[in-house]
Structures are given as structure tokens and as C-alpha cells.
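> Starting from these lines, generate the structure:
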Amino acid sequence: MSLLKEFKAFAMRGNVVDMAVGIIIGGAFGKIVASLVNDVIMPPIGMLLGNMDFSQLAIVLKKESVDAAGNAVPAVTIGYGMFINTVINFLIVAIAIFMMIKAMNSLKKKEEAAPAAPPAPSAEEKLLTEIRDILKTQ
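Presented below is the predicted three-dimensional model:
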């Protein structure tokens with residue numbers, strides 16, 4: 001029973017829950033970026049390069065063939081077009097994360113640069129201030 005309690009304490013800590021939320025949001029963000037690259041960015045680039053579909057770009061190492069038993073043997077290809085799309089996905093995600101971290105760091109610097117309130121005077125300082133004020137009035 002102790003193992004279950006330890007796991008519950010671990011899973012319910014703030015850092016683990018925050019990490020889980022971050023992973024879920026990151027996965028959704030990755031899908032959004034993939035759609036952005038595949039459906040918005042790459043079609044115009046392909047059009048500018050002669051109606052090229054990057055996802056279909058590949059180097060054929062061995063053409064499709066039929067073996068002795070009459071079964072079709074698929075072609076062996078290197079799909080560099082999908083690799084290009086994946087690299088662009090990565091760059092967009094990396095830039096977005098960089099900008100987010102940069103914004104968080106600038107906010108943190110602003111918090112650190114904000115002057116802290118002066119400490120409250122000690123009892124001795126208050127007493128000395130009262131004595132000074134009394135002496136001024138005399």
C-alpha cells in the first residue's frame with residue numbers, strides 16, 4: 001500500500017501535472033504546425049517551383065516489380081520531400097518555443113528589475129525618529 005501512496009504523492013505534485021499539461025498542449029501544437037506546413041506553407045512554395053508536391057518527392061532506389069510468384073514488390077524509395085516538410089515543422093516549433101522562452105525571460109527580468117519596497121523601520125529606528133521629532137518641536 002505504501003507504493004501506491006508514494007505514486008499518488010508523486011503524480012499529484014504540481015510539476016508532474018504541469019509537465020503532463022505541457023506535453024498534451026505540445027502534441028496539439030505539433031499537429032497545428034504540421035497542418036500549417038503541409039496545407040498552408042508548402043503548397044504556395046510548390047506552386048512557385050512548378051506545381052511541385054513536396055510530400056511526393058522521392059528518390060527511387062529500386063522500381064516496383066513483380067516476383068516469380070506473381071506478387072507485386074513495392075518500390076524502394078527515399079522520401080526526401082516528407083523530410084523537408086518535417087524539417088520545416090521542426091523549425092517553426094523551435095522558433096515558437098524560442099520566442100516563448102524569450103518572452104518569459106524578459107518578463108522575469110522585469111520582475112527582478114522592479115525595485116523592492118524598502119524594509120520597515122526597526123523598533124529602534126522608530127524610537128529614534130520619535131525622539132528627533134520631539135527635539136525639533138522644542
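> Which residue ranges of the protein form strands?
According to DSSP state E, the chain carries its strands in the segments 59-62, 65-66, 72-73, 76-78.
> TSV please, covering these and showing mean pLDDT, distance to residue 127 and mean neighbour count.
C-beta coordinates here come from the backbone N, C-alpha and C atoms, glycine included. Output for those, formatted as TSV (pLDDT from 0 to 100; distance: least, Cβ to Cβ, whole Å; neighbours: other Cβ atoms under 10 Å):
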stretch	mean pLDDT	distance to residue 127	mean neighbour count
strand 59-62	90	87	10
strand 65-66	88	100	10
strand 72-73	89	97	10
strand 76-78	91	84	13
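> do you know which of those lies nearest residue 25?
Closest to residue 25 of the strands of the chain, according to Cβ to Cβ: strand 76-78, at 33.4 Å.
> Partner strands of that closest one, with direction?
Strand 76-78 has its sheet partners listed here by DSSP bridges as strand 59-62 (antiparallel).
> want to throw the strands of the chain into a markdown table with distance to residue 119?
Below are those laid out as a markdown table (distance: least, Cβ to Cβ, whole Å):
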| stretch | distance to residue 119 |
| --- | --- |
| strand 59-62 | 70 |
| strand 65-66 | 83 |
| strand 72-73 | 81 |
| strand 76-78 | 68 |
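> Of all the ones you listed, which one comes closest to residue 106?
Residue 106 lies closest, by Cβ to Cβ, to one member of the strands of the chain: strand 76-78, at 42.8 Å.
> Give me the spatial nearest neighbour of residue 84, chain neighbours excluded.
In space, and not counting its chain neighbours, residue 84 is closest to residue 54: 5.4 Å by Cβ to Cβ, 6 or more residues apart in numbering.
> Do you know the pLDDT at the residue nearest the centre of the chain?
By Cα atoms, centre = their mean, the chain has its centre lying nearest to residue 97, at 4.1 Å. With respect to pLDDT, residue 97 scores 82.
> and if you look at residue 128?
Looking at residue 128, its pLDDT is 87.
> Quick check: it vs residue 136, distance?
13 Å (Cβ to Cβ, to the nearest Å).
> so where do the helices sit in this structure?
Under the criterion DSSP state H, the chain contains helices at 2-11, 14-35, 42-48, 80-113, 123-137.
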